[in-house]
Structures are given as C-alpha cells and as structure tokens.
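Asks: one predicted model, sequence on top.
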Amino acid sequence: MDTASAAAPNRSRYLQFAILVLAAGALYPIMYLRQNFEVSLLEAMRISASDLGELNFTLGIVFAVAYIPSGILADLVQPLVLMSFALAVVGALGFWLATWPSLLELRLIFFGWGLAGGLCFWSSLLKAVKLLAASSEQGRFFSILDGGRGLVEALLASAAILLFRELSTPADAATLRMEPVVYLYSITAILLGVMVFFTLSDNPDAVIRRPAGAATARGERFAWFGNILQLMRLPELWIVAGAIMLGQSLFFLTYSISAFLETNLGMTALAAGSITLAKLWMRPLAGFTIGFIGDWYSLEGVLAWLMFLASLGLLALVFLPLAGHLYLVLPLVLVIGYLTYAIKGLYWSLLDLCPLPARLTGLAIGIVSFVGYMPDTLLPLYDGWLSRPLPRAESFRIYFVSIALCGFAGGALCWYFHRRNRRAAASAAGS
C-alpha cells in the first residue's frame with residue numbers, strides 16, 4: 001500500500017515532466033526555421049538575408065530584455081498558465097507567418113515570439129522543472145530536459161523535412177513548400193499548450209501569496225526592488241551565473257564548428273555538414289546520461305571536469321594536424337559535442353545549490369538568465385570583430401582558443417564552488 005501510494009505521485013511528476021520536455025522542444029524551433037530552410041524561407045517571406053538577420057536580432061534582444069521580468073512574472077503566475085499561453089501565442093503567430101505577410105508584420109511576429117518565449121515561457125519552464133525535481137534529482141531532471149528537448153527538435157525537424165520533400169516538388173513556389181512546415185510547428189505548439197494546461201498541476205510554492213491587506217501601495221512599489229537586492233547579495237547566485245555564462249560560451253562556439261572544418265581543415269561543405277549533423281545527436285545522449293552522473297557524484301564537480309575536457313577538445317581541434325584525417329576529426333567533434341551538450345544540460349541544476357527562497361525562484365532564474373546568456377548576444381559581435389582585420393582561418397583560431405580559455409575559467413569556477421560547498425558541509429556537520 002505504501003509503495004503504491006508513493007508510486008502514484010512519482011507517476012504524476014514524471015508525466016508532468018514529460019509534457020514539459022515536449023513543450024520545451026516544440027516552442028522554439030519555429031523561431032529558428034532558418035537552420036534547415038533558410039533559402040526557401042527567404043524566398044517565401046520575400047526578404048533578404050540581412051532582413052532575416054534583423055528579425056533574429058530583434059528576437060534575441062527581446063529575449064535578453066525579458067529575462068528578469070519573466071522571472072518576476074513566474075513568481076506571480078502559475079507556470080501552467082504562462083507556458084500554455086506562450087505555446088498558444090507562438091502557434092497562433094505561426095499561422096500568421098504562413099500567410100507570408102509584409103516585413104513590418106514579420107517584425108511584429110518575431111517581437112511577439114520573443115515576448116511569448118522569453119517573458120512567459122522560459123523562467124516558468126525552469127521553475128516548474130526545479131519544483132518537480134527532488135533535491136537529489138536536480139541534475140538528471142535538467143539534463144534530461146535539455147536532451148529531451150534536443151530529441152524533440154530533431155524529430156520535428158525530420159518530420160518537417162519529410163513534409164517539405166513529399167508534399168511538393170522543387171518546381172513549386174516556396175510559399176507552397178513552406179506552408180506544411182510552418183503548420184506542423186504551429187499546430188504542435190498549440191496542442192502542447194492545451195496538454196500543459198490540463199496536465200501540469202498548480203503548485204502552492206510556485207507563486208508569491210501575500211496575506212490579505214498586508215502590502216501598502218508604497219510596499220508594492222518597492223517590493224521587487226528589495227527582492228532583487230536580496231538575491232544579488234547571494235554570492236552563490238553570482239557563481240552560478242558566471243558558470244552558466246562560461247558554459248554557454250562553450251556551447252555557442254559549437255555553432256561555428258562546421259565553418260571551422262571547411263575554412264581551417266579544408267573539408268567540403270557536405271563533409272563538414274555531415275559531421276556537425278552527427279554531433280547534434282550527441283545532445284539527447286548527453287542529456288539522458290550526464291544528469292545521473294552529476295546527481296551521484298557532485299553537480300559542480302562534474303561540471304568542472306566537463307568544462308576542462310571540452311576546452312582541451314577545442315584546443316586539440318585547433319592545434320593538432322587534422323587536415324585530411326576524417327577518422328580523427330569525426331570522433332573529436334562528437335566528443336566535443338557530447339561534452340558541450342552535457343554542460344548545457346547540467347548547469348541549471350547548480351541553482352539548487354543556492355539558498356534561494358522558493359517564492360523568488362523565478363526572479364533568480366531571470367537574473368541568472370540575463371547574465372548567463374550574454375554570450376548569445378556578445379559572441380557573434382566578438383567573432384565579427386576578429387574576422388574584419390584578420391584572415392578567416394586566423395580569426396577562427398583566435399576565436400576558438402579564447403573560448404577554450406573561457407572554458408578553463410568556467411571549470412575553475414565550478415571547482416571553487418565544489419570546494420566551497422564541501423567546506424560548508426563539513427563545517428555544518430562539525431557543528
């Protein structure tokens with residue numbers, strides 16, 4: 001009887017977690033259709049590559065600005081409400097995209113996607129996962145979230161490519177070829193929004209509940225400022241933010257591996273693309289394995305070793321004589337892919353090592369996201385700054401080496417956090 005009663009809550013938690021993984025994998029791919037369909041997308045939308053770059057820049061800026069407000073919102077509204085709303089909005093805007101509107105309307109669509117994904121979804125997702133996972137499960141839950149998200153994205157992309165190929169011919173207009181792809185992502189997002197709303201449970205710890213009449217107008221005005229100051233005084237939160245920022249730098253660099261293989265190692269576009277496609281499948285593999293290792297050993301200790309090894313892998317890619325040796329390049333890139341995806345899957349679990357009030361978890365996620373995802377905005381600018389005065393091969397070498405150094409710094413920070421936590425635990429046990 002006791003076993004059955006304990007199994008029921010676990011089944012409910014795991015079902016809710018599975019829905020969150022599906023939702024996370026389905027929300028964002030429609031915003032980045034350029035990854036697999038850029039040429040046809042440009043033709044269907046009747047815009048230039050620079051216009052598409054502007055749209056994606058708008059999306060990134062809205063994400064960055066929304067991180068901290070999204071944390072505040074996640075502490076005020078139940079995650080199921082925010083996430084289901086975000087999924088519905090993203091799907092509805094996808095249907096608008098399928099009408100292939102003007103550039104002005106496209107700007108509104110991308111702006112709306114940024115608000116839905118950044119303001120309503122992101123912090124709510126991470127907070128919901130953190131509340132579902134027990135303290136001993138944080139590593140596996142967050143790593144499976146990232147790995148499962150990658151698997152869902154890969155499966156949806158495969159289905160989209162199949163629709164693109166089978167429901168039209170190359171002679172058809174790009175609008176006709178792209179419509180089924182956009183509809184697939186839009187309908188999937190809306191359906192998962194419905195599933196989130198009816199499957200995810202309300203959590204009493206998920207929102208701030210004020211006693212009736214407890215807050216004055218002046219207190220309301222300054223409450224969030226005080227909450228932010230309270231969190232900013234936590235050194236553990238800054239350590240986690242720094243670790244995520246340096247780990248995200250390693251992950252973001254992997255977007256340039258294909259171009260590095262072509263430019264620096266002389267590979268064909270087909271060979272380089274095939275290697276990086278194989279690397280993508282390391283994401284679910286990393287997500288489904290590394291979290292258990294982190295929970296069994298120590299989250300910050302495992303993350304330190306992952307960053308050290310990923311940085312060594314990048315240096316090997318730059319300095320070893322690999323040109324013409326595909327049999328060496330492929331396993332090295334796969335190892336780098338596994339390590340960087342493992343880093344991305346594990347670093348959010350560090351949040352459980354911070355002494356956070358449950359009521360401020362969303363705000364903490366927003367603050368950490370704002371700092372931690374700065375590489376997504378800054379590294380493209382840094383790469384462009386390097387490439388202007390230097391030959392591309394030379395700028396790539398400097399770019400890769402400097403990010404490897406960031407990885408070493410991230411590993412050292414995580415190891416410091418590991419030693420700090422061990423000392424604190426030993427001190428608490430002694431007292």
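Replies: Good, I have the coordinates.

Asks: hmm, R46 is touching P101, no?
Replies: No - applying C-beta atoms under 8 Å, one finds R46 not in contact with P101, separated by 9.8 Å. Bear in mind the C-beta positions are built from the backbone N, C-alpha and C, glycine included.

Asks: so, low pLDDT: which residues of the stretch 151-300 of the chain?
Replies: For the stretch 151-300 of the chain, the stretches with pLDDT under 70 are 168-171, 202-222, 224, 269-270.

Asks: no no, the stretch 1-150 of the chain
Replies: 1-9, 34-36, 38-39, 49.

Asks: now the helices for it?
Replies: 2-27, 34-45, 49-74, 79-97, 103-114, 123-132, 138-166 (DSSP state H, counting those that start in this stretch).

Asks: now do the fourth one against helix 49-74, angle only.
Replies: Here helix 79-97 runs at 160 degrees with respect to helix 49-74, directions being taken by axes from the mean of the first three to the mean of the last three C-alpha atoms, to 10 degrees.

Asks: now the last one
Replies: Orientation of helix 138-166 against helix 49-74 (the same axes, to 10 degrees) gives an angle of 140 degrees.

Asks: same for helix 138-166, what does it pack against?
Replies: Counting contacts by 3 or more C-beta pairs under 8 Å, 6 or more residues apart in numbering; DSSP states H and E, helix 138-166 is packed against helix 2-27, helix 34-45, helix 123-132, helix 174-199, helix 282-287, helix 290-296, helix 299-319, helix 326-346.

Asks: is it true that L80 touches F197?
Replies: Yes - if you go by C-beta under 8 Å, L80 and F197 touch, sitting 5.8 Å apart.

Asks: looking at the two, which is more packed in?
Replies: L80 (23 against 15; other C-beta atoms under 10 Å).

Asks: which one of the helices of the stretch 1-150 of the chain is the most hemmed in?
Replies: Neighbour counts (mean count of other C-beta atoms under 10 Å) averaged over each of these peak at helix 123-132, with a mean of 25.

Asks: and the angle from that one to helix 138-166?
Replies: Orientation check (the same axes, to 10 degrees): helix 123-132 against helix 138-166 gives 130 degrees.

Asks: just the residues contacting helix 123-132, thanks.
Replies: 13, 16-17, 20, 23-24, 67, 70-71, 73-75, 77, 79-80, 82-83, 86, 138, 141-142, 145, 200, 203, 205-206, 348, 351-352, 358, 361-362, 365-366, 369 (C-beta atoms under 8 Å, 6 or more residues apart in numbering).

Asks: kindly report the same for stretch 251-266.
Replies: With contact meaning C-beta under 8 Å, 6+ apart, stretch 251-266 is reached by 267-269, 271-273, 275-276, 279, 314, 317-318, 322-324, 329, 333, 336-337, 340-341, 343-344, 375-376, 379, 383, 392-393, 396-397, 399-400, 403.

Asks: quick check: end-to-end length of that stretch?
Replies: With C-alpha to C-alpha, to the nearest Å as the measure, stretch 251-266 spans 23 Å from end to end.

Asks: reformat the helices and strands packed on helix 138-166 as a markdown table; add distance to A159.
Replies: Listed next are those as a markdown table, based on distance: least, C-beta to C-beta, whole Å:
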| stretch | distance to A159 |
| --- | --- |
| helix 2-27 | 11 |
| helix 34-45 | 11 |
| helix 123-132 | 23 |
| helix 174-199 | 6 |
| helix 282-287 | 16 |
| helix 290-296 | 27 |
| helix 299-319 | 31 |
| helix 326-346 | 22 |
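
Asks: just want to check the distance between the closest residue to S369 other than its chain neighbours and L145.
Replies: With sequence-adjacent residues excluded and distances taken as C-beta to C-beta, 6 or more residues apart in numbering, S369 is closest to Y67, at 4.1 Å. In this view, Y67 and L145 are 18 Å apart by C-beta to C-beta, to the nearest Å.

Asks: do P357 as well
Replies: For P357 relative to L145 (C-beta to C-beta), the value is 23 Å.

Asks: these two touch, right, the residue nearest to S369 and T377?
Replies: No - the pair Y67 / T377 is not scored as a contact, 11.4 Å apart, by C-beta under 8 Å.

Asks: pLDDT score assigned to F308?
Replies: At F308, the model reports a pLDDT of 97.

Asks: residues touching the closest residue to S186 other than its chain neighbours, list them.
Replies: Leaving aside its chain neighbours, S186 sits nearest to G94 (3.1 Å; criterion: C-beta to C-beta, 6+ apart). Contact partners of G94, counting by C-beta under 8 Å, 6+ apart, are I30, V182, Y183, Y185, S186, A189.

Asks: mind putting those into CSV with distance to V62 and neighbour count?
Replies: Formatted as CSV, those follow (distance: C-beta to C-beta, whole Å; neighbours: other C-beta atoms under 10 Å):
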residue, distance to V62, neighbour count
I30, 15, 23
V182, 20, 23
Y183, 24, 17
Y185, 19, 25
S186, 19, 21
A189, 18, 25
